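> what's the 3D shape of this:
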Amino acid sequence: MKDLKVAAIQSEIHWHAKSANLAMFEEKIWQIGEQVDLIVLPEMFSTGFTMDVASMAEPMNLDACRWLKAMAAQTKAVVTGSVIIRENERYLNRLLWATPEGGLQYYDKRHLFRMAGEDGFFSMGTEQPIFTVNGWRILPQICYDLRFPVWSRNRVSEQGAFAYDFSLYIASWPGSRAQAWDVLLKARAVENWCYTLGLNRVGVDGNGIEYLGHSAVNDFKGDTLGYVGSQEQTLLITLDGAALLAYREKFPAWKDADDFELRD
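You can find the predicted model right below:
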């Protein structure tokens with residue numbers, strides 16, 4: 001595994017203003033100033049975390065999809081973030097994964113945040129894809145997914161092949177629960193023998209909810225490798241593939257993990 005260079009853009013989001021957000025994030029992407037492998041944007045980066053699906057949703061391959069593909073092609077990096085997608089009369093909180101070669105994959109949020117009514121407007125995702133970048137296997141997750149460890153359990157084959165190496169959580173996680181965010185990101189890294197990146201937004205949204213950021217990268221031992229407080233900032237981090245493989249071999253606790261099956 002080569003090292004993986006990641007840029008995670010912690011930012012405010014203009015409320016219900018797609019064009020303004022795409023322009024803003026495009027500027028922030030070009031301000032990265034160095035070649036990276038993966039560029040990460042927050043949950044619902046083009047609109048803010050909203051239940052106004054009728055006016056904010058878009059079909060696949062329209063504004064946000066085309067913009068992400070263009071950014072990936074121009075930067076020669078994978079670019080990812082979630083948007084509201086309308087598909088067959090359903091609405092989905094969909095993480096889009098745009099590659100420099102023009103590919104577009106996706107993950108639909110599994111756990112819908114009922115305390116904000118998300119479960120009343122969006123359909124739950126059922127698939128758990130694993131994406132790849134430079135030999136790294138990456139598990140995409142969205143916000144509330146962080147609270148459910150069974151969904152993100154890192155399965156290991158009898159031959160010692162891990163399902164993924166790096167779990168990615170993009171979020172609109174309110175500041176009132178920032179401590180839970182900090183703790184759970186570390187827990188998911190330790191229990192799954194992987195790196196985790198949690199990218200949150202900052203600022204106050206149109207519903208008056210405040211977001212405090214706390215975007216962070218944690219390693220397989222629970223150490224914090226990179227952290228951004230409550231300011232707008234791009235977190236740049238290089239993940240060490242050799243260190244991850246060496247730790248899994250030196251401390252093979254995964255051999256004693258309990259087996260189970262997921263059921264809907």
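> and Asn61, how many residues sit next to it?
When neighbours are counted by other Cβ atoms under 10 Å, Asn61 registers 10. C-beta coordinates here come from the backbone N, C-alpha and C atoms, glycine included.
> what about Asn21, helix or strand, and which?
helix 18-30 (DSSP states H and E).
> which is the next helix or strand following that helix?
Past helix 18-30, the next helix or strand by DSSP H and E is strand 38-40.
> on that earlier part again, the helix holding Asn21 - what's its average pLDDT?
The average pLDDT for helix 18-30 rounds to 98.
> Same question for stretch 114-126.
Average pLDDT, stretch 114-126: 97.
> what do you get for stretch 138-152?
Stretch 138-152 comes out at a mean pLDDT of 97.
> mind listing what's buried in it?
Buried residues in stretch 138-152, defined by neighbour count with 16 or more other Cβ atoms under 10 Å: Ile138, Leu139, Pro140, Gln141, Ile142, Cys143, Tyr144, Asp145, Leu146, Ser152.
> Kindly report the same for stretch 96-116.
96-100, 106-113, 116.
> do stretch 8-24 as well
Residues 8-16, 18, 21-22, 24 are the ones in stretch 8-24 that count as buried (16+ other Cβ under 10 Å).
> could I get the buried residues of stretch 96-116 as CSV with distance to Ala216 and secondary structure?
Shown next, in CSV, are these (distance: Cβ to Cβ, whole Å; DSSP: H, G, I helix; E, B strand; the rest coil):
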residue, distance to Ala216, secondary structure
Leu96, 23, strand
Trp97, 21, strand
Ala98, 24, strand
Thr99, 25, coil
Pro100, 26, coil
Tyr106, 25, strand
Tyr107, 21, strand
Asp108, 25, strand
Lys109, 20, coil
Arg110, 22, coil
His111, 20, coil
Leu112, 24, coil
Phe113, 20, coil
Ala116, 23, helix
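> Spatially, which two of the residues you listed are the most separated?
Among those, the pair separated by the greatest distance (Cβ to Cβ) is Pro100 and Ala116, at 34.4 Å.
> Tally up the residues packed near Glu190, please.
Just to correct that, residue 190 is Val rather than Glu. 16.
> give the contact list for it.
By Cβ atoms under 8 Å, 6 or more residues apart in numbering, the contact list for Val190 reads Phe220, Lys221, Gly222.
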